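In: can you look at this prediction? I've put the sequence above it.
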Amino acid sequence: MRIVIVGLGGIGSILADKICRYINYSIKEKKSVTLVDGDIYEPKNLERQEFSQFGNKASIKARELEIKFSNIDFNVVEAYVNKTNIKNIIKSDSIVFLCVDNHKSRMIVNNYCKKLKNVILISGGNEITDGNVQLYVRKGGEDLSPDLCTYHPEIANPIDKLPDEMSCEELSQSEPQLYFTNLGVSTLMCWMFYNSVVKGNYSKSEVYFDIETMTTDAKTRSNKNF
């Protein structure tokens, strides 16, 4: 089992521990986890991101997880994913958790995964009190569920920038986030992993949730390419 977690911030820092705990004790086959992030943990992140010290997010999180989960091989990429390095990060037969906060990164990862023979891509994102999780599955070079762009033109045609295209000033001006919402996204991504990877159920390819209304809404999406 080859898992790649892209982004170790508000969502990814929570998700990494939960997924690794499950696969360390419940999956018997050989497994590896690659952690990808070019950003650093700093004091302003403490209110909603789970980490033990300051420094590169991928490296810090790998050190934390290695202590707890000895049955997993961990790899670290201290970089933001982009069109140049993605081929060295995501391989066919990977399970990819996409925990980024911009549509351009989602578009790049989605379009690259569309070229692979086999891949499971689980993407999560949120605003302050609501968010969504998407599932994209390819098997044998065929789409078994819609890709991230099919129902989301904002991902297909992003107007934002990649993190490594932004200035230091732009990077420092992050949108407000709520820990409970990040926790909700990471939990739903775990649910999606369990249903798609463990149970082989791809019928629900998108889930919306809203903390203020205390609701979730799972969507059965048709693949427009079929």
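Out: On my side now, so go ahead. Note that the structure is a prediction, hence the values are computed from the model and not measured.

In: contact partners for the most centrally placed residue in the chain?
Out: The geometric centre of the chain, computed from its C-alpha atoms, lies nearest to residue 98 (CA atoms, centre = their mean), at 2.1 Å. The neighbourhood of residue 98, defined by CB atoms under 8 Å, 6 or more residues apart in numbering, consists of 6, 7, 105, 106, 109, 121, 122, 123, 124. Just so you know, the C-beta spots here come from the backbone N, C-alpha and C atoms, and that holds for glycine as well.

In: residue 114 too?
Out: So residue 114 contacts 138, 143, 147 (CB under 8 Å, 6+ apart).

In: quick one: which of these has the most company?
Out: residue 147 (25 neighbours; other CB atoms under 10 Å).

In: so that one sits in a helix?
Out: No - counting by DSSP: H, G, I helix; E, B strand; the rest coil, residue 147 is not found in a helix; it is coil.

In: what residue ranges in this protein score low on pLDDT?
Out: Residue ranges of the chain with pLDDT under 70: 168-174, 224-226.

In: quick one, helices of it?
Out: 12-26, 57-68, 86-89, 103-113, 153-156, 168-172, 179-193 (DSSP state H).

In: give the other helices and strands that the first one contacts.
Out: Judged by 3 or more CB pairs under 8 Å, 6 or more residues apart in numbering; DSSP states H and E, helix 12-26 is in contact with strand 2-6, strand 32-36, helix 57-68, strand 94-98, helix 179-193.

In: where is the longest strand in this protein?
Out: Secondary structure of the chain per DSSP state E: the longest strand is strand 130-139.

In: give the contact list for residue 82.
Out: Counting by CB under 8 Å, 6+ apart, residue 82 has contacts 108, 162, 164.

In: would you list the residues you listed in CSV and tack on distance to residue 73 and neighbour count?
Out: Output for those, formatted as CSV (distance: CB to CB, whole Å; neighbours: other CB atoms under 10 Å):
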residue, distance to residue 73, neighbour count
108, 26, 18
162, 28, 18
164, 27, 14
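
In: now stretch 130-142: buried residues?
Out: Within stretch 130-142, the residues scored as buried using 16 or more other CB atoms under 10 Å are 130, 131, 132, 133, 134, 135, 136, 137, 138.

In: right, and the fourth one touches residue 195 too?
Out: What that stands for is residue 133. No - the pair residue 133 / residue 195 is not scored as a contact, 10.9 Å apart, by CB atoms under 8 Å.

In: among the helices and strands packed on helix 12-26, which is nearest residue 156?
Out: Nearest of the helices and strands packed on helix 12-26 to residue 156, taken as CB to CB: strand 94-98 at 15.1 Å.

In: that closest one pairs with which strands, parallel or anti?
Out: strand 2-6 (parallel), strand 119-126 (parallel) (DSSP bridges).

In: now do that strand and helix 12-26, the angle between them.
Out: Angle of strand 94-98 versus helix 12-26, following axes from the mean of the first three to the mean of the last three CA atoms, to 10 degrees, is 150 degrees.

In: how far does strand 94-98 sit from its chain's centre?
Out: Centroid displacement of strand 94-98 relative to its chain, using CA atoms, centre = their mean, to the nearest Å, is 6 Å.

In: buried residues in it?
Out: Buried residues in strand 94-98 (16+ other CB under 10 Å): 94, 95, 96, 97, 98.
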